[in-house]
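# model this:
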Amino acid sequence: MISAADVREWRDHHVVDAKGRKIGTLEAVYVDTATDEPAMATVRTGIPTRQRLVFVPLDDAVLGPDYVMVPYSKGEVRKAPSIGTDDILPAEHEETIFQYYDMVYQPGVHGERRLARR
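Down below sits the predicted model:
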């Protein structure tokens, strides 16, 4: 897992699947607001004129010399919920990301967001 201290260091590195296939480029890391630990990353995918940011969990991510390896297939990540390259994640769409990866979504006690971009 990427530690909070490593977040800035890994931006713009390749994100690959377990077979080493490039999924895209790590654009941003979202932390869990309850723990302030990295939880999700956005990965820039697509051709230069039609790029988007797809979400992928960072649980069990492995850091290499110039890549971040995630335990999800390239196809699975590319079909994940996404936002435009200049967009922000609306709070009401957070749960969709967790559901896509079969993860439990639990907002804050008072309905606070679960993810915050770093």
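# residue ranges of the helices in this protein, please?
7-10, 74-78, 94-100 (DSSP state H).
# Buried residues of the last one, list them for me.
By 16 or more other CB atoms under 10 Å, the buried positions in helix 94-100 come out as Glu94, Ile97, Phe98, Tyr100. All C-beta spots, glycine's among them, are computed from the backbone N, C-alpha and C.
# I'd like to know which of those residues is nearest to Thr25.
Nearest to Thr25 among the buried residues of helix 94-100: Ile97, at 18.7 Å, using CB to CB.
# picking that back up, switch the buried residues of helix 94-100 over to JSON lines; also include pLDDT.
JSON lines is the format used below for the buried residues of helix 94-100 (pLDDT from 0 to 100):
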{"residue": "Glu94", "pLDDT": "94"}
{"residue": "Ile97", "pLDDT": "96"}
{"residue": "Phe98", "pLDDT": "96"}
{"residue": "Tyr100", "pLDDT": "97"}
